[in-house]
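Here's my sequence, what's the structure:
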Amino acid sequence: MALNYIWIFFFLIAFVVGLIKLIIFGDTEIFPAIVGSTFDMAKTGFEISLGLTGVLTLWMGIMKIGEEGGVVHVFSKFIGPFFRKLFPELGKEHPAHASIMMNIAANMLNLDNAATPMGLKAMKEMQETNPNKKVASNAQIMFLVLNTSGLTVLPISIMVYRAQLGAVNPSDIFIPIMLATYFSTLAGLLAVSYYQKINLLDKTILSYLGGLTAFIAGLIWYFSSLSQDEITTVSNVSSNLILFTVIILFILLGMRKRINIYEAFIEGAKDGFKVAIKIIPYLIAILVAIGVFRASGAMDWFIQGVAWCFQQVGINTDFIAALPTALMKPLSGSGARGMMVDAMSTYGADSFVGKVASTVQGATDTTFYILAVYFGAVGIKKTRHALACGLIADFTGIIAAILMGYLFFH
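Below is the predicted model:
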């Protein structure tokens, strides 16, 4: 629903701005430019979608090997003790624990096809013991905020788009996204814990959070001590080494479980092809809307206005052109993806704006969509503090993504 209003908004604003330029400024070329942008962006959307087919097919095949090899189960066992402490009202034996772990693990691995069914199952299992069926329970809110914070270890889809749009090293945003999404998740976790009075000084919670925070702090300190060229080199080498190591580990897990690795890859690859074809109308729709918005000059007015505000307080404004992606992200995943693609197409996939937009895209998830789908699936009407905590996570992730962009790419 949010995307419907956004789509209409872009077209109406483009029309109004076009009329202003035609009537007041006598710009007779504005409407030919707007109409021309619809054809150009439709062509661009199709070409991008078609080009995604090969890379998306490859990675969906790799992820299927990991899924059948039990990597989600491995992740859930690793993070299980920590997450059980975050849902105290469920108790140790609640059936939702398994679904929660599997969902979070699948999200971390960017396995949307596996994550969503597990997430809906977890919500229904928690709803069964929810004393007030119309009001979100503490456990449901914690689960939803952890989902909206977008904790991701492998941002496969973003790297696929970067590869298609000509990035020299599509994985260069791997570490910045990992850092930004950590801060987003931490902020969401702290916000929910404050509302629900969860004891963050519990030794299990403290050991997980303390250890991970120390690692992240060390990583940031290490990169901040390097020159920009050294950061680029180290980040590129480590990102690609980690990604290829993941592929090898998935294959080894598959061998250990004695699955047919080749057949698993083919099965996943078929899904990748279907996904690539399926997104064509969605990508074209949002890119055309963004195209008319940009061709009318409305996008430039918006960016210039925001840039002026930041300039008044002495803040560097190089990131401003990536801000539309950040503003769209809580509202619409498709809209934010379109904004990211538009930023990379306009400024270049390897430009500072293109890299910041990519990092923002991976830093958090679509809060309004996730709350609507998950709460709607179990009939929750009163979401309590879920939205506030989700938006806190979003805001923190966006700020962190911009700061990581300056640390790694500026």
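
what bits of this protein have low per-residue confidence?
Along the chain, segments meeting pLDDT under 70 span 1-3, 110-114.

Give me the longest helix you can find in it.
As assigned by DSSP state H, the longest helix anywhere in the chain is helix 30-69.

by contact count, what packs against that one?
helix 2-23, helix 156-164, helix 228-256, helix 261-278, helix 280-295 (3 or more Cβ pairs under 8 Å, 6 or more residues apart in numbering; DSSP states H and E). Every residue, glycine included, has its C-beta placed from N, CA and C.

closest to residue 382 out of those helices?
helix 2-23 (19.9 Å; Cβ to Cβ).

Now do the buried residues in that closest one.
Buried residues in helix 2-23, defined by neighbour count with 16 or more other Cβ atoms under 10 Å: 2-3, 6-7, 10-11, 13-14, 17-18, 20-21.

Contacts for that helix next, please.
For helix 2-23, the external contacting residues (Cβ atoms under 8 Å, 6 or more residues apart in numbering) are 27-28, 30-31, 34, 285-286, 289-290, 292-293, 295-298, 301, 328, 331-332, 334-335, 368-369.

and the angle from that helix to helix 280-295?
Interaxial angle of helix 2-23 relative to helix 280-295 (axes from the mean of the first three to the mean of the last three Cα atoms, to 10 degrees): 30 degrees.

So for this protein, the centremost residue is which one?
residue 362 (3.5 Å; Cα atoms, centre = their mean).

Okay, and it sits in which element?
helix 352-363 (DSSP states H and E).

After that helix, which helix or strand is next?
Next element after helix 352-363 (DSSP H and E): helix 367-377.

Measure how that next one sits relative to helix 2-23, angle-wise.
Going by the same axes, to 10 degrees, helix 367-377 makes 140 degrees with helix 2-23.

So which bits of helix 367-377 are buried?
367-371, 373-375.

Save the residues you listed as a markdown table, and put in distance to residue 83 too.
Listed next are those as a markdown table, based on distance: Cβ to Cβ, whole Å:
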| residue | distance to residue 83 |
| --- | --- |
| 367 | 20 |
| 368 | 24 |
| 369 | 23 |
| 370 | 18 |
| 371 | 20 |
| 373 | 21 |
| 374 | 17 |
| 375 | 20 |
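
just curious, which of the residues you listed is nearest to residue 52?
residue 369 (21.3 Å).

Might you report the residue contacts of the nearest residue to the closest one once chain neighbours are set aside?
Closest residue to residue 369 apart from its sequence neighbours, by Cβ to Cβ, 6 or more residues apart in numbering: residue 333 at 6.2 Å. Applying Cβ under 8 Å, 6+ apart to residue 333 gives the contacts 365-366, 369.

Tell me which helix or strand comes right after the longest helix of the chain.
Helix 30-69 is succeeded, C-terminally, by helix 71-86 (DSSP H and E).

Who are the packing partners of that following helix?
helix 96-108, helix 203-224, helix 228-256.

what residues does that helix touch?
For helix 71-86, using Cβ under 8 Å, 6+ apart, the contacting residues are 66, 90, 92, 97-98, 100-102, 104-106, 108-109, 111, 114, 142, 146, 189, 193, 198, 202, 204-205, 208, 249-250, 253.

Now do it: distance to the chain's middle.
21 Å (Cα atoms, centre = their mean, to the nearest Å).

which parts of that helix are buried?
Buried, per 16+ other Cβ under 10 Å, within helix 71-86: 71-73, 75-76, 79-80, 82-86.

Just to be sure, residue 167 is in a helix?
No. Per DSSP: H, G, I helix; E, B strand; the rest coil, residue 167 lies outside any helix segment and is coil.

Skipping its backbone neighbours, what lies nearest it in space?
Closest to residue 167 by Cβ to Cβ, 6+ apart is residue 349, at 3.9 Å.

separation between the one you found and residue 293?
21 Å (Cβ to Cβ, to the nearest Å).

what's near enough to touch residue 365?
Going by Cβ under 8 Å, 6+ apart, the list of residues near residue 365 reads 147-150, 329, 333.

got a list of what the closest residue to residue 378 other than its chain neighbours touches?
Of all residues not flanking residue 378 in the chain, residue 127 sits nearest, at 4.2 Å (Cβ to Cβ, 6+ apart). Going by Cβ under 8 Å, 6+ apart, residue 127 touches 133, 137, 140, 378-380.

Quick check: residue 290 touching residue 337?
No. Counting by Cβ atoms under 8 Å, residue 290 does not reach residue 337; the two are 10.6 Å apart.

Show me which of the two is the more surrounded one.
residue 290 (28 against 23; other Cβ atoms under 10 Å).

And the contacts of helix 2-23, which of them are buried?
30-31, 34, 285-286, 289-290, 292-293, 295-298, 328, 331-332, 334-335, 368-369.
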